[in-house]
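Coordinates for the following, if possible.
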Amino acid sequence: MDRGKPGSKMHVLSDAAGLPLLVGLSAANTHDSQALKPMVLGHQTRHDPHRGRHLKPRKLHADKAYDIPELRKWLRGKRIGVRIAAKESSPANG
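Prediction:
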């Protein structure tokens, strides 16, 4: 359901030390998880000339908004480990 929420959200991809690597914006009425793929795809890998190889992200840490099986599978396909907080199941009423 589109609630027409005005505004925007900022998404930041940072390294392990907290240094921002990539910043993106999305509409406030879109789910956070929809910004993950463009952010990961937009991140440039670095080439290490001394070792002759490309360095890419090895692990992604994210909050529970990104706990979606399809996203986990996509990241595994990119050989990126995931550490995503699991969504809690809602307690039964009663």
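
in the protein, which spans are helices?
Using DSSP state H, the helices assigned to the chain run over residues 36-42, 69-77.

which of those helices sits most buried?
helix 36-42 (a mean of 15; mean count of other C-beta atoms under 10 Å). (Each C-beta comes from the backbone N, C-alpha and C, glycine too.)

quick one: contacts for the residue most central in space within the chain?
For the chain, residue 36 is the residue whose C-alpha lies nearest the centre (C-alpha atoms, centre = their mean; 3.8 Å). Contacts for residue 36 were tallied using C-beta atoms under 8 Å, 6 or more residues apart in numbering; they are 62, 66, 71.

was I right about residue 85 contacting residue 60?
No: with contact defined as C-beta atoms under 8 Å, residue 85 and residue 60 do not form a contacting pair (11.9 Å).

Quick check: the gap between residue 58 and residue 16.
10 Å (C-beta to C-beta, to the nearest Å).

typed the wrong thing, it's residue 40
Counting by C-beta to C-beta, the gap from residue 40 to residue 16 is 16 Å.

One more: residue 5?
From residue 5 to residue 16 the distance is 32 Å (C-beta to C-beta).

Give the lowest-confidence helix or strand of the protein, using mean pLDDT as the measure.
strand 53-55 (a mean of 67; mean pLDDT, DSSP states H and E).

hey, where'd the strands end up in the chain?
8-14, 20-27, 46-48, 53-55, 59-62, 81-84 (DSSP state E).
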